[in-house]
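J.: let me see the structure of the following:
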Amino acid sequence: MKDNPNNEGGTLLPEAANSGVEARIFRTMAFAVVLAVLISLPLAPWRATVGLLLGGVLSLLNHHWLSSSTAAAFTVLVHGTKPKLKLAQYILRYLVIATLVFIAYKLNLVSLAATLVGLETPPKALFALTLAWSGAPPGGDGFGARPSRGASLSIPNLVTLIRILLVPVVIWAITAGELRIAFILFLAAGISDAIDGFLAKRFGMTTELGAYLDPLADKAMLVSIYVALGITEAIPRWLVILVVSRDIMIVSAVILSWLVDKPVPLKPLLVSKLNTVAQIVLAGLVLAALGFDFNANVVVMALTALVAILTLLSVAFYVREWVRHMNAAELNP
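T.: Residues are numbered from 1 along each chain as shown. Next up is the predicted model:
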């Protein structure tokens, strides 16, 4: 099948399927925005709803860049062609988006937390779809054997999608002071994670989309909760910056390795697993303590220190593995 030679963004999708994939990506993103806004209407203050709408619309307007650059990054290995990246243009677009968000926030028209959630909701949908269509093989990168490409919208995947769509509701609950609701939803998300994993393994419903979508849903929920708790000062903001920066550094390093044709395997390290468990326990404890009004300051302080230490250790271990891999790739081209 021939690639589209006029595809400037570098998605390298087959020409006959390119328009159909783009249309489906846009519909998925738009659906995520509309659903988030509709859920917030009866539950959240009007500024939260406007923030979700603003963030979603800005992300939709930017979806052509998002789809081309993301798909390009994830198809480098498959097609062996480097994507064309216009760095200055992308930076300018983000500056425009940041300026509009800043103006709306200063005019007291939006909730900043809700706007950030609105900005990230469509890209999550796009990210999952890009991975599903890019053909990037998950085998050998910590996801186990290559799952079936069929039945993408199986019951476990639908449960995972519901968990992703719960993210804006949880963020609203935290920023609106409804911590009991936030804790219950957080607990429900954890239970649903166990359920979709059980269904996928027990009934043979494992799919390639699910292999990417499940960890994406977990990370989206956890990072969003930490950002919201940091904004409301329920946990130290330095810890939020540390946690989010770690994820950004890891993702950036992986994408960089792909762009230079030296892909690094995504093998989860033991310290990273321990860090994730500690983050989940800390978030759950803070939500429970605030929602049900009991004092857990000593335990929270201890968990905060533990999360900070494990986060720094995981960064150090991942950087070591990344440098080792890149050096080995240089010696054995």
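
J.: any low-confidence regions in this structure?
T.: Within the chain, the stretches with pLDDT under 70 are 1-25, 63-90, 120-153, 208-209, 266, 332-333.

J.: residues contacting Ile181?
T.: 173, 291 (CB atoms under 8 Å, 6 or more residues apart in numbering). (Glycine included, C-beta is placed from N, CA and C.)

J.: measure the residue sitting nearest the centre point of the chain to Val227 for me?
T.: Centroid-nearest residue in the chain, with CA atoms, centre = their mean: Ala220, separated by 4.3 Å. Counting by CB to CB, to the nearest Å, the gap from Ala220 to Val227 is 11 Å.

J.: same check on Gly197?
T.: Computed as CB to CB, the Gly197 to Val227 distance reads 25 Å.

J.: where does Asp293 fall, phi/psi-wise?
T.: Main-chain torsions, Asp293, degrees, to the nearest 10: phi 60, psi 60.

J.: how far does stretch 200-213 stretch from one end to the other?
T.: From the first residue to the last, stretch 200-213 extends over 13 Å; the measure is CA to CA, to the nearest Å.

J.: next, the buried residues of it.
T.: Across stretch 200-213, burial judged by 16 or more other CB atoms under 10 Å covers 200, 205-213.

J.: now stretch 321-333
T.: For stretch 321-333, by 16+ other CB under 10 Å, it's 322, 325-326.

J.: and which of the residues you listed is nearest Leu312?
T.: Trp322 (15.6 Å; CB to CB).

J.: element containing that closest one, please.
T.: Element membership for Trp322 (DSSP states H and E) is helix 297-331.

J.: how many neighbours does the closest residue to Leu313 other than its chain neighbours have?
T.: Once flanking residues are discounted, Leu313 sits nearest to Val271: 5.1 Å by CB to CB, 6 or more residues apart in numbering. Counted with other CB atoms under 10 Å, the neighbours of Val271 add up to 18.

J.: Val271 reaches Ser314, doesn't it?
T.: Yes. The criterion here is CB atoms under 8 Å, and Val271 meets it with Ser314 at 4.9 Å.

J.: re the thing from before, name the residue in Gly197 and Val227 with the higher neighbour count.
T.: Using other CB under 10 Å, the more surrounded residue of Gly197 and Val227 is Val227, with 22 against 16.

J.: list the contacts for that one?
T.: Applying CB under 8 Å, 6+ apart to Val227 gives the contacts 113, 116, 171, 240, 244.

J.: could you confirm the second one falls within a helix?
T.: Yes. Assignment of Leu116 by DSSP: H, G, I helix; E, B strand; the rest coil places it within a helix.

J.: that one reaches Gly56, doesn't it?
T.: No. Using CB under 8 Å, Leu116 is not in contact with Gly56, being 11.2 Å away.

J.: neighbour count for those two, which is higher?
T.: A direct count of neighbours by other CB under 10 Å for Leu116 and Gly56 places Gly56 higher, at 26 against 20.

J.: give me the buried positions along the helix or strand the more buried one falls within.
T.: For Gly56, the enclosing helix or strand under DSSP H and E is helix 46-61. Residues 47-60 are the ones in helix 46-61 that count as buried (16+ other CB under 10 Å).
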